[in-house]
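S.K.: Okay, predicted coordinates and the sequence, questions at the end:
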Amino acid sequence: MSLLEIENVTLKFGGLTAVDNLSFSVEKGEVFAIVGPNGAGKSTVFNLISRFYDPYAGSIRFDGHDLLAVKPSGVAAYGVARTFQNIELFEHATVLQNLLVGRHRHRRSNVVSELFFTPSVRRQELENREKVEQVIDFLDLQAYRDKMIAGLPYGVRKVVEVARALATDPKLLLLDEPASGLSVEETNDMRWWIDDIRRQMGITVLMVEHDMGLVSGVSDRVLAMADGAKLALGTPSEVQSHPAVIEAYLGKAS
Amino acid sequence: MRIVFKTDYMQDIRPWKDGYQLSLYLILLAIVAAAPWVLDVFYLGELTNVLIWAIAGMGLMVLTGHTGQASLGHAAFLAFGCYSNVILLEAGVPFILAFPLAGLITGAIGALVAIPALRLHGIYLAIFTLAMSILVDDIIVLTEPWSGGVSGKYIAGVDIFGLTIDRWGTPTLFYWMVLTVTVIVALGYINLLRSPLGRSFIAVRDSQVSAQAMGVDIARTKTISFGLSCMVTGWAGAFMGMFAGAFNNETFSVVISIELLMMIVIGGLGSIHGAFFGAIVIGFLPQFLSISKEYVGAVFGGSTVAIPGLEFGIFGMILIAFILLEPMGIYGRWLKIRTFFELFPFYRKDMFKRQKSYLKTERLR
């Protein structure tokens, strides 16, 4: 059984079909990339998995659970973490606090025990901190630990978002354009990190990305989309040379 | 320049940075607790008033400063707290039970009110809560058999373990009682902020979309925030009733709601200190104005007759000045001054300047 199964999903915004009868599945342990021109519906697929949108038809299953049966906050509880295309960090909090929010799905305490900060809450906090420190070490964020997000440069924010997603201890990591706006050097770092996330942590990665260098460098399989529908699915080189993909990007030869 | 070296995770979990900071706060607490021996009865009463406002401010700060839900209706919850306290006392419940219960009842009402308010945000939520504040006036009049309606209610002293605590008879005891509750509420607030729930409040405030993606249930978090906020506000309301001695449907008017919101904005949104700084401004300003009016009258020969609306005019001007010049409030200014001395001579002028945030994902609201 695949980790993530998307079957015949259709989403319409009024007359516009944003996702059109799309089916694909992501296997455990792979890096799966979605590519396509602007407006192809890539981020919409992510928002469907995150349950921000309700599909018009179809089913989305993750690790044996029906994702359509839970609230948006329930998706994270199953072990799906994500980043956002335009960075959605908690601006007026420190990097550490941001990452600790990522630990929220492992919360065992309740309002009352937290108001009194009982020893069990203290233990839980220490445990959270230890996990977060592992992520900080992994992504080299030590220098920014106590900095406010509002003062951080763009490149660091991108990494903090990945770190926050990793802090949730996910099974599946959704990366929405992890390399957009990054320098060549930072993109290379991101590439090694994605590779390490898969190899060392055993986390399955599903990403949307425009940088074909990054996509062909790390991904096992690539899905090409245009106008909400599937164009091609296969290895990076297969997809890149697929005639329908070339047509979607460059247009038809006259 | 003082640098705290961190060698232990507990240093980040403990509410104080180091022994130096802890001792400063303990000294402050000792000074405040010793106030009855220093101040006369009038100023002790004023200080009590400031502490009560600070409790109310902490209540609203949880909701507005940390969860980002503006409320213009918190006077309604002051009223709920005040009336349920008195009604319980009249029913023969001892104060030691009636007071906590008043807060819990108000918190429950707040959580109930939150349910229809969940889908509202920003200006719409402000309008909704403003309506609450206006409605409570009518509710008090309509429930006349219990609330006393327009003629109002009175509260004399209360008994705790045989001690009679009365704002007029034993102002010192009343002051200490208010101080104790203030400290308890502040400690609870500190605990909240260093635990997962407090962080999820901040997450909801800063980005609901990513809070959801991290597994934070927005509806639940907002409801809890409303509940906690209203509980604390209810306690403040109970104290306000006891402080005033008499109250009716017009005591907890919309004006009080607006004053509360102004208070936390002036003090500094998003910090416990802000609630206290704001309370000091709101609590002492009327006295300051009346004293300075006499002074001005004496020097320039003007009359000392009350000028209608003067207080609110000054409040308004202070609020506008803060929003224009120091949006982070008194606490923000204090942080800047402190950082200036801590980093001397390395402080840069724009260190606290807020950066324009980058593009936000479509808000999905």
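M.R.: Alright, I've got the coordinates.
S.K.: First-to-last residue distance for stretch B:58-74?
M.R.: 12 Å (CA to CA, to the nearest Å).
S.K.: centre of the chain versus it, how much separation?
M.R.: 9 Å (CA atoms, centre = their mean, to the nearest Å).
S.K.: Do any residues in it lie close to chain A?
M.R.: No. Stretch B:58-74 is not in contact with chain A by CB under 8 Å from any CB of the partner chain; minimum separation 9.8 Å. The C-beta positions use only the backbone N, C-alpha and C, and glycine is treated the same way.
S.K.: Over to stretch B:197-213?
M.R.: Yes. Residues of stretch B:197-213 contacting chain A under CB under 8 Å from any CB: B:197-200, B:202-203, B:205-207, B:209-213.
S.K.: Figure out how far that stretch is from the centre of its chain.
M.R.: The chain centre lies 22 Å from the centre of stretch B:197-213; the measure is CA atoms, centre = their mean.
S.K.: Contacts for that stretch, please.
M.R.: A:50, A:52, A:72-73, A:75-76, A:81-82, A:84, A:88-93, A:97, A:100-101, A:104, A:111, A:114, A:164, B:62, B:66-68, B:192-193, B:214, B:216, B:218, B:221-222, B:224-225, B:361, B:363-365 (CB atoms under 8 Å, 6 or more residues apart in numbering or on different chains).
S.K.: center of the chain, which residue is that?
M.R.: With no chain named, the answer covers chain A. A:Leu174 (1.6 Å; CA atoms, centre = their mean).
S.K.: Chain B is the one I meant
M.R.: Nearest to chain B centroid, counting by CA atoms, centre = their mean: B:Gly57, 0.6 Å.
S.K.: Show me which parts of the helix or strand hosting that one are buried, residue by residue.
M.R.: Element membership for B:Gly57, per DSSP states H and E: helix B:41-60. Within helix B:41-60, the residues that qualify as buried are B:44-45, B:47-60, counting by 16 or more other CB atoms under 10 Å in any protein chain shown.
S.K.: Just the closest residue of chain B to chain A, please.
M.R.: Nearest residue of chain B to chain A, counting by CB to the nearest CB: B:Gly215, 3.2 Å away.
S.K.: Just want the phi and psi numbers for the residue nearest to A:Gly39 when sequence neighbours are not counted.
M.R.: Among residues not flanking A:Gly39 along the chain, A:Asp227 sits closest, at 7.8 Å (CB to CB, 6 or more residues apart in numbering or on different chains). Dihedral angles phi and psi of A:Asp227 (degrees, to the nearest 10) take the values phi 50, psi 40.
S.K.: mind listing what A:Asp227 touches?
M.R.: Per CB under 8 Å, 6+ apart, neighbours of A:Asp227: A:17, A:20, A:39-41.
S.K.: And it, how far from chain B?
M.R.: 19 Å (CB to the nearest CB, to the nearest Å).
S.K.: A:Val112 too?
M.R.: A:Val112 is 10 Å from chain B, by CB to the nearest CB.
S.K.: which residues of the stretch 1-150 of chain A fall in helices?
M.R.: Remark: helices assigned in the stretch 1-150 of chain A by DSSP state H, counting those that start in this stretch are A:42-49, A:72-77, A:95-102, A:111-116, A:119-138.
S.K.: Contacts for the helix or strand of chain A at the bottom of the mean pLDDT ranking, please.
M.R.: Lowest on mean pLDDT, DSSP states H and E among the helices and strands of chain A sits helix A:243-250, with a mean of 87. Residues from elsewhere that reach helix A:243-250, judged by CB under 8 Å, 6+ apart: A:35-37, A:40, A:224, A:226, A:231-232, A:239.
S.K.: how about TSV for the residues you listed, with neighbour count added?
M.R.: TSV is the format used below for the contacts of helix A:243-250 (neighbours: other CB atoms under 10 Å in any protein chain shown):
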residue	neighbour count
A:Val35	28
A:Gly36	23
A:Pro37	15
A:Ala40	22
A:Ala224	25
A:Ala226	20
A:Leu231	22
A:Ala232	20
A:Val239	23
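S.K.: How about B:Met132: what's its closest non-neighbour residue?
M.R.: Using CB to CB, 6+ apart, the closest residue to B:Met132 is B:Gly73 (3.6 Å).
S.K.: and the one you found, how many neighbours?
M.R.: B:Gly73 has 28 neighbours, counted by other CB atoms under 10 Å in any protein chain shown.
S.K.: contacting residues around it?
M.R.: By CB under 8 Å, 6+ apart, the neighbours of B:Gly73 are B:128-133, B:136, B:257.
S.K.: again with B:Ile291
M.R.: With CB under 8 Å, 6+ apart, B:Ile291 has no contacts at all.
S.K.: separation between it and B:Gly45?
M.R.: 15 Å (CB to CB, to the nearest Å).
S.K.: With B:Ser151 instead?
M.R.: Distance from B:Ser151 to B:Gly45, by CB to CB: 25 Å.
S.K.: Equivalent analysis for B:Ala219, please.
M.R.: 42 Å.
S.K.: what's the domain layout of the chain?
M.R.: You didn't pick a chain, so chain A it is. Listed by automatic domain parsing, the domain ranges of chain A are A:4-79+A:170-250, A:91-154.
S.K.: meant chain B, my bad for not saying
M.R.: B:1-33, B:38-255.
S.K.: Thanks a lot, see you next time.
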